[in-house]
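>>> could you work out the structure for the sequence below:
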Amino acid sequence: MALVIAGERSGVGKTTVTLTLLASLRRRDRLVQSFKVGPDYIDPMFHQHVTGRACRNLDPVLTSEAYVQQCFARHSQLSEYALVEGVMGLFDGVKEGAGEQGSRGAEEKNNAQCLTDFASTAHIARLLDLPVVLVIDCSRLSGSVAAIAHGYRSFDPRIKIAGVVLNRVGSDRHLSLLKDSLEPLQLPILGVLRRQDNITIPDRHLGLVPTAELPELNALIDRLADLGDSCFDWQRLLPLLKSEPLFPSASASLSPSSLVRIAVARDRAFNFYYQDNLDLLQELGAELVFWSPLEDADIPKDIQGMYFGGGFPEVFAQQLAENSSVRHAVKTAILKGMPTVAECGGLMYLCEQIIDFEGKSWSMAGVLPTSAVMGGRLTLGYRRAVALQDNLLVKANTIVYGHEFHRSHLTLTPTQPLFETSRYDCEENMGCEGWGLPANIHASYVHQHWGESREIPQQFLKECLKVASSKT
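As a prediction, this is how the structure comes out:
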């Protein structure tokens with residue numbers, strides 16, 4: 001058993017409730033594994049900060065339904081308790097079946113064809129056969145809470161609503177009204193969180209500010225743990241959170257390659273990585289060398305590949321620009337043939353410049369003959385991407401699935417792009433994107449999860465091995 005924390009919509013406090021539960025469990029010295037529905041990077045950082053264990057993303061668009069089950073089984077059985085934080089509202093997903101499913105199999109595609117809540121929190125709860133706790137924002141309602149709870153409980157009979165958490169309750173009188181309204185439903189109230197003035201996680205243009213930038217985070221987590229000790233019905237919650245394997249965990253069948261060293265940029269500017277991607281590289285034989293383009297004076301020594309994840313290079317553009325020795329070292333290494341993967345923020349770092357929200361220009365690595373310009377328009381959504389040519393990671397005509405989430409655009413598009421992209425849930429063409437020249441780079445706005453596409457990191461390491469062989 002484990003528990004899914006869902007919201008009736010976005011912004012109701014799912015993350016606060018999740019972190020409060022995790023903080024209180026950790027204060028009790030409980031070993032807890034957390035999961036996050038969807039292609040999120042920042043919420044998992046907060047989970048990991050609290051639990052000390054890497055949060056795992058559960059996303060059947062980026063991977064598959066089978067992978068979601070296997071990932072949950074593999075990691076939840078190693079802990080006492082397991083908790084899944086949902087995404088958006090409980091039933092908010094995408095329409096499945098718009099395009100070919102690649103390696104996921106025709107049977108799975110046909111089974112999912114009719115779903116319009118594919119990859120939603122409800123979909124994950126059904127896949128894992130887990131009960132759901134519904135978080136309701138009560139700040140602007142009283143009696144209507146019963147209609148909301150009843151609607152969510154009855155909408156899909158396959159979903160078991162174990163109870164509700166009432167968030168942003170204003171007073172004892174307010175709570176009394178809410179309880180009276182919910183009483184006829186006989187739906188357990190598993191938690192009550194009053195309006196909190198001293199618990200605020202700052203955000204900015206792509207969501208919450210990451211953990212590495214919050215010096216007061218530990219004090220905040222302590223306040224959440226204090227809150228969690230008193231606001232939840234632990235007698236009812238703990239049995240629901242208790243972890244036990246529900247599905248067979250797929251055994252790893254990877255053949256480690258000869259050891260190669262991959263420099264992984266990880267600091268305040270670059271920290272958007274799926275833990276499963278890093279694990280796969282290590283399982284395949286790579287040694288990951290974490291380093292900082294912000295702080296280090298040079299790139300790591302004796303490496304055969306580089307990996308730049310996403311993040312917020314625009315926020316730290318001045319500091320990145322001022323570290324000219326690293327910028328030049330990155331460019332020199334790439335121009336000499338170093339295999340390099342750069343996703344979103346990593347792509348921006350390889351450009352000639354980043355032009356920030358105030359219009360200021362900051363020099364970057366200068367590998368790509370274009371500049372990244374920050375703007376107000378948000379590019380967001382799942383992508384179906386077809387490779388237009390053989391490149392560092394995949395062969396021509398290979399279909400990959402990914403996710404875009406950025407507020408920048410490039411001043412110049414590549415003459416030989418990596419991908420032709422379309423929306424995942426319809427045939428709308430999103431244009432061509434991605435840089436594959438020089439041939440040893442793969443620079444794209446599309447974030448990929450490699451869990452169901454292990455041939456991608458295998459191909460990356462194969463190219464890295466060529467560098468290692470050429471130096472022996």
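
>>> drop to CA atoms for contacts and neighbour counts, all remaining ones
Will do.

>>> surely H47 is in a helix?
Yes: assessed by DSSP: H, G, I helix; E, B strand; the rest coil, H47 belongs to a helix.

>>> now the closest residue to it other than its chain neighbours: how far from Y41?
Of all residues beyond its chain neighbours, the one nearest H47 is C55 (6.2 Å), with distances taken as CA to CA, 6 or more residues apart in numbering. Distance, C55 to Y41, using CA to CA, to the nearest Å: 9 Å.

>>> before we move on, what SS does M88 have?
Put simply, M88 is strand when judged by three-state DSSP.

>>> residues touching it, list them.
By CA atoms under 8 Å, 6 or more residues apart in numbering, the residues touching M88 are A6, G7, E8, R9, S10, G11, T121.

>>> now it: how far from G52?
In this view, M88 and G52 are 25 Å apart by CA to CA.

>>> after the lowest-mean-pLDDT helix or strand in the chain, which helix or strand is next?
Within the chain, no helix or strand scores below helix 106-112, which has a mean of 40 by mean pLDDT, DSSP states H and E. Following helix 106-112 in sequence order, the next helix or strand is helix 121-128 (DSSP states H and E).

>>> can you point out the buried residues in that following helix?
For helix 121-128, a neighbour-count test (16 or more other CA atoms under 10 Å) marks T121, A122, H123, I124, A125, L128 as buried.

>>> wait, the third one sits on D129?
In this case it means H123. No: look at H123 against D129 with CA atoms under 8 Å: they stay out of range, at 9.6 Å.

>>> might you list the low-confidence residue ranges for the stretch 351-472 of the chain?
472 (pLDDT under 70).

>>> cool, and the stretch 101-250 of the chain?
101-115, 245-250.

>>> how about a cut-off of 90?
Along the stretch 101-250 of the chain, segments meeting pLDDT under 90 span 101-116, 195-208, 242-250.

>>> rewinding a little: show me the contacts for the residue nearest to H47.
By CA under 8 Å, 6+ apart, C55 lies in contact with Q33, S34, F35, K36, P44, M45, H47, Q48, Q275.

>>> just the closest of the residues you listed to E244, please.
Using CA to CA, Q33 comes nearest to E244 of those, at 11.5 Å.

>>> helix/strand/coil for the closest one?
Classification of Q33 by three-state DSSP places it in strand.

>>> for the contacts of M88, give me a markdown table that also has secondary structure.
As requested, those are arranged in a markdown table below (three-state DSSP):
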| residue | secondary structure |
| --- | --- |
| A6 | strand |
| G7 | strand |
| E8 | coil |
| R9 | coil |
| S10 | coil |
| G11 | coil |
| T121 | helix |
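
>>> is it correct that L220 falls within a helix?
Yes: the assignment for L220 (three-state DSSP) places it in a helix.

>>> report how many residues lie close to the closest residue in space to it that isn't next to it in sequence.
Once flanking residues are discounted, L220 sits nearest to I199: 6.6 Å by CA to CA, 6+ apart. For I199, the tally of surrounding residues (other CA atoms under 10 Å) stands at 14.

>>> can you give me the strands in the stretch 251-400 of the chain?
Using DSSP state E, counting those that start in this stretch, the strands of the stretch 251-400 of the chain run over 260-265, 270-272, 286-291, 305-308, 310-311, 340-343, 351-355, 361-363, 368-387, 399-410.

>>> and those strands: which comes nearest L206?
strand 399-410 (7.3 Å).

>>> check which helices and strands the closest one is in contact with.
Counting contacts by 3 or more CA pairs under 8 Å, 6 or more residues apart in numbering; DSSP states H and E, strand 399-410 is packed against strand 368-387, strand 447-448.

>>> okay, those strands in CSV with distance to M338 next?
Listed next are the helices and strands packed on strand 399-410 as CSV, based on distance: least, CA to CA, whole Å:
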stretch, distance to M338
strand 368-387, 15
strand 447-448, 21
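
>>> that's all I had, so thanks and see you.
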